[in-house]
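Engineer: Attaching a predicted model along with its sequence, questions to come.
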Amino acid sequence: MEISSGACRMKFPRLKTFPQNSRSLNLKCSMCTVSFIPGADGYCLGMNRDESRLRPIAFQPEVRRTPDGFAVYPSEPGGGTWIGMNDSGLCLALINWYKVPTLPLRRTMSRGIVVKEMIQSRTVGQLSSFLRRLPLEEMPPFRLIGISPRESCVQEFRWDQNRVTRLRHRWAARHWFSSGLDEEQAEITRREVCRRAWNESDAGELGWLRRLHRSHVPERGGFSICMHREEAFTVSYTEIELCNTFGTMRYHPGSLCGGDAQFFEKTVSIVMAPIAAKALHRTLRERG
């Protein structure tokens with residue numbers, strides 16, 4: 001499904017950007033790995049964020065008020081973010097899309113506003129309308145992953161500087177990869193690492209997820225999930241665990257392989273969806 005941009009456009013403040021030399025390096029260095037694992041009562045998601053060593057350090061997650069509730073997400077010094085969860089259980093994660101050639105832009109709007117604005121959505125069904133309001137024509141290509149336990153739904157929105165394409169995925173474990181070095185090779189290498197990891201006895205558990213995201217298989221370098229290059233490395237790991245009526249975001253500055261087990265943690269109460277509440281009330285009446 002394709003979504004046209006530019007329907008109802010809102011004005012957005014321009015986020016702080018980097019000096020030209022470090023900013024252009026950042027575009028080449030940026031890489032990410034996202035892992036999604038559904039469960040009987042929720043889901044887990046892990047995200048490695050790989051960036052230039054020149055990029056400013058991000059701030060740890062904070063709970064923030066939205067027009068209809070609350071959201072939790074880390075933030076850049078300029079105000080944007082790359083991952084978030086709100087109190088409906090909706091999770092959003094954004095990765096750059098390097099397979100698509102980036103067209104010249106007269107002026108550039110940071111992709112950091114995408115998750116920050118769209119985390120106001122209560123369901124994945126509302127994401128398209130929020131996306132139409134963004135100044136997409138001023139942004140380089142990206143992929144936005146939306147996960148909603150209310151609807152047991154995983155959707156991916158792909159912006160190629162021409163149109164937004166929406167993909168629907170099964171409610172099943174899945175991994176996404178991006179790489180400014182060589183995205184195709186990164187996908188091949190990391191997908192094989194993930195495929196083999198799923199054969200391990202504790203596959204899908206939280207400890208397994210963290211072990212996967214600190215992996216240096218097949219070797220420590222630019223294509224390992226825990227990425228290390230001279231000019232770039234894994235700058236953080238963010239983990240979201242949703243179980244029943246609680247959602248927790250854990251943030252680890254730096255790569256997991258560093259040996260520091262420190263996580264910054266924030267928890268929000270998940271608001272039960274109206275349709276789920278009605279079903280529960282009906283069940284209680286029947287039992288009574």
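Structural biologist: Perfect, thanks for sending it.
Engineer: ok, the nearest residue to residue 99 once chain neighbours are set aside - how many residues close by?
Structural biologist: The shortest distance from residue 99 to any non-neighbouring residue, by Cβ to Cβ, 6 or more residues apart in numbering, is to residue 183 (5.2 Å). C-beta: built from backbone N, CA, C; applies to glycine. Using other Cβ atoms under 10 Å, residue 183 has 18 other residues around it.
Engineer: residue ranges of the helices in this structure, please?
Structural biologist: 20-29, 112-118, 127-132, 183-197, 206-213, 274-287 (DSSP state H).
Engineer: isn't the residue nearest to residue 99 right next to residue 98, touching?
Structural biologist: Yes - assessed by Cβ atoms under 8 Å, residue 183 is found in contact with residue 98 at 4.2 Å.
Engineer: Would you map the strands across the stretch 51-200 of the chain?
Structural biologist: In the stretch 51-200 of the chain, the strands defined using DSSP state E, counting those that start in this stretch lie at 59-66, 69-75, 83-86, 91-96, 142-148, 153-159, 164-169, 174-179.
Engineer: could I get the ones you listed as CSV with mean neighbour count and distance to residue 111?
Structural biologist: Below are the strands of the stretch 51-200 of the chain laid out as CSV (neighbours: other Cβ atoms under 10 Å; distance: least, Cβ to Cβ, whole Å):
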stretch, mean neighbour count, distance to residue 111
strand 59-66, 15, 17
strand 69-75, 21, 14
strand 83-86, 27, 12
strand 91-96, 25, 6
strand 142-148, 24, 5
strand 153-159, 20, 9
strand 164-169, 15, 13
strand 174-179, 21, 12
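Engineer: Save the ones you listed as TSV, and put in mean pLDDT and distance to residue 36 too.
Structural biologist: Shown next, in TSV, are the strands of the stretch 51-200 of the chain (pLDDT from 0 to 100; distance: least, Cβ to Cβ, whole Å):
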stretch	mean pLDDT	distance to residue 36
strand 59-66	97	18
strand 69-75	97	17
strand 83-86	98	12
strand 91-96	97	9
strand 142-148	97	6
strand 153-159	97	7
strand 164-169	97	9
strand 174-179	96	5
